[in-house]
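1. Need coordinates for the following:
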Amino acid sequence: MALFERLKAEVGRGGRLEAALGSDRRALRSRYRSLAERFWPVTAERPTERRPGVKGTLAFPVKRALRPLLRWYVEPVAHDQRNFNDAALKLVDELFEEVDRLFGRAAELAGRTDGLGDDIGRVEGKLSERIDRELSGRRDDSRLLGELEERLTRAERREGGTPRTVAPQATATAFPDYFAFESRMRGQFAEIKERQRLYVGDFREAAPVLDVGCGRGELLALLRDEGIEARGVDADGDMVAYARGEGLEVEQADGVSYLEALEDGSLGGIFLGQVVEHLPPPALVRLLELSAGKLRAGGVLVAETINPLSPTALRNYHADLTHAQPLVPETFVLLARQAGFAAIETRFLNEPPAEERLRPVELPRGAEFDAARSALAANVDRLNEQLFGPLDYAIVART
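-> Numbering: from 1, shown residues only. Here you go, the predicted structure:
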């Protein structure tokens, strides 16, 4: 494509040169051609000219007398000069004709390159679509393979007689296989583990940490790697079996019931990762009150949930039938404050991929487009903020 652009630029310069010279070039050619034809016929028969002045008057009869005597010498030279002039004029004419042909060819190529550029653009678009389809297919195959591996691992670790769930909510049994649903819709173990790595710093000085609704134990694995004491509880038996298979301390229990059995002030940190949106309001309020009571002074609660301010995120919210209600950040912060937390910070997380967002629109350059360019850019930014905001948010609350 770079070579094509270079060729197009060269051809374009040729077209501009033709336009710049145009009639001036043809007029110049005609002028010099007339001058050359005037001096072309070199001959010894040219009339003798009388120069002005005494010297010219005295020399004139001498020139006339000597001229017939020198014709035998001058005429062969004049004949050769005429042949040379004739050949030179023919060569110049051919050069001018060749230049005209080149300019015409350049103009023709300039017209063709415009169409060629469109063709190349269409071919590039088709190739790009084909490559995207191939890569997307490979990513899908890799994802399906990862999900299958996790489900097989879950089956190997499942213990006979373990209840599938101990959650009190009726929606907990909405899916015959919630483990498979989570793996497909939310992400695989390694993916979620990397996404939760940013919370490790919040719990570095907060041991012991309790992960309520720990799932497969992604955060627990991160805290273990950092030497931070942590354990987890989850209502789903498959999740618990998988996490225990990773060597993590996890118990199958309902989070609210588990917290009620703990001593007040016995925890330094509590993590709720994508849990609160599953709870009806009474259970959510009770969970926040228990969390504030079980944390020691200066303890930290980190609760991540789906961001309902983002229409894109709401798609993920409504895909899970076990969700009770979305929580806008202001409501969540208010509930946490009423539960007894003092300092509360809100963090927005997980921006959608750049290719899913609206792209800036280029307007022609020029001062007359400055106002429109500024307004258009502001509108695109505003739409991206409203339609393609962060997919999740978390509150970090301290007692």
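2. Now do the end-to-end distance for stretch 202-220.
-> Using C-alpha to C-alpha, to the nearest Å, the gap from the first to the last residue of stretch 202-220 comes to 13 Å.
3. Can you give me the buried ones in that stretch?
-> For stretch 202-220, burial by neighbour count (16 or more other C-beta atoms under 10 Å) applies to 202-203, 206, 209-220. C-beta: built from backbone N, CA, C; applies to glycine.
4. now, the most widely separated pair of the residues you listed?
-> The span of the buried residues of stretch 202-220, defined through C-beta to C-beta, is set by Ala206 and Arg216 at 21.6 Å.
5. Could you identify the longest strand within the protein?
-> Using DSSP state E to assign secondary structure, the strand with the most residues in the chain is strand 295-306.
6. what's downstream of it, the next helix or strand?
-> Towards the C-terminus, the helix or strand next in line after strand 295-306, according to DSSP states H and E, is helix 311-319.
7. just checking, what packs against that following helix?
-> Using 3 or more C-beta pairs under 8 Å, 6 or more residues apart in numbering; DSSP states H and E as the contact test, the elements touching helix 311-319 are strand 295-306, helix 370-387.
8. and of those, who's closest to Pro353?
-> With C-beta to C-beta as the yardstick, what comes closest out of the helices and strands packed on helix 311-319 is helix 370-387 (12.2 Å).
9. May I see the buried residues of that closest one?
-> Using 16+ other C-beta under 10 Å as the burial criterion, the residues of helix 370-387 that qualify are Arg373, Asn384.
10. Do me a favour and average the pLDDT over the helix or strand following it.
-> Next helix or strand after helix 370-387 toward the C-terminus (DSSP H and E): strand 392-398. Averaged across strand 392-398, the pLDDT comes to 97.
11. Pull the residues that contact strand 392-398.
-> The set of residues external to strand 392-398 that reach it, using C-beta atoms under 8 Å, 6 or more residues apart in numbering, is 199, 202, 274, 298-307, 313, 329, 332-333, 336, 341-350.
12. Can I get it in CSV, CA atoms only?
-> Backbone C-alpha positions of strand 392-398 (Å, rounded to 0.1, in the frame of the first residue of the first chain) are rendered in CSV as follows:
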residue,chain,number,x,y,z
ASP,A,392,-18.1,-2.8,36.6
TYR,A,393,-17.4,-0.7,39.7
ALA,A,394,-16.3,-1.4,43.2
ILE,A,395,-16.8,0.4,46.5
VAL,A,396,-13.9,0.3,49.0
ALA,A,397,-15.4,1.0,52.4
ARG,A,398,-13.5,1.3,55.7
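13. Near Thr322, how many residues? Count them for me, please.
-> 17 (other C-beta atoms under 10 Å).
14. which SS class is it?
-> Using DSSP: H, G, I helix; E, B strand; the rest coil, the three-state assignment for Thr322 comes out as coil.
15. so it makes contact with Leu279?
-> No. Look at Thr322 against Leu279 with C-beta atoms under 8 Å: they stay out of range, at 10.1 Å.
16. how much space is there between Pro290 and Ala339?
-> No Pro there; residue 290 is Leu. To Ala339, Leu290 is 9 Å away according to C-beta to C-beta, to the nearest Å.
17. With Ala313 as the reference, measure out to Asp381.
-> 19 Å.
18. actually Pro352, not the one I typed
-> Taken as C-beta to C-beta, the spacing of Pro352 relative to Ala313 amounts to 9 Å.
19. Need the residues touching each of the two.
-> A shared contact of Pro352 and Ala313, defined by C-beta under 8 Å, 6+ apart, is any residue touching both; here these are Pro390, Leu391.
20. okay, these two: which has more neighbours?
-> Neighbour tally, Pro352 and Ala313, criterion other C-beta under 10 Å: the higher count belongs to Ala313, 21 against 16.
21. ok, now which ones touch that one?
-> Contact criterion C-beta under 8 Å, 6+ apart gives Ile306, Asn307, Gly389, Pro390, Leu391, Asp392 as the residues in contact with Ala313.
22. Which member of these is positioned nearest Val99?
-> The shortest approach to Val99 among the contacts of Ala313 belongs to Gly389, at 62.4 Å (C-beta to C-beta).
23. mind checking how far the closest one is from Ala303?
-> Separation of Gly389 from Ala303 (C-beta to C-beta): 19 Å.
24. Can you pick out the residue with more neighbours from those two?
-> In this view Gly389 and Ala303 are compared by other C-beta under 10 Å, and Ala303 has more residues nearby, 24 against 17.
25. Isn't the more buried one up against Leu272?
-> Yes. Because the distance of 4.0 Å satisfies C-beta under 8 Å, Ala303 is recorded as touching Leu272.
26. What number of residues are in the vicinity of Pro61?
-> By the measure other C-beta under 10 Å, the count of residues near Pro61 is 11.
27. Check whether the closest residue to Ile228 other than its chain neighbours sits in a helix, strand or coil.
-> Sequence neighbours aside, Ala207 is the residue nearest to Ile228 in space, at 5.2 Å (criterion: C-beta to C-beta, 6 or more residues apart in numbering). When classified by three-state DSSP, Ala207 comes out as coil.
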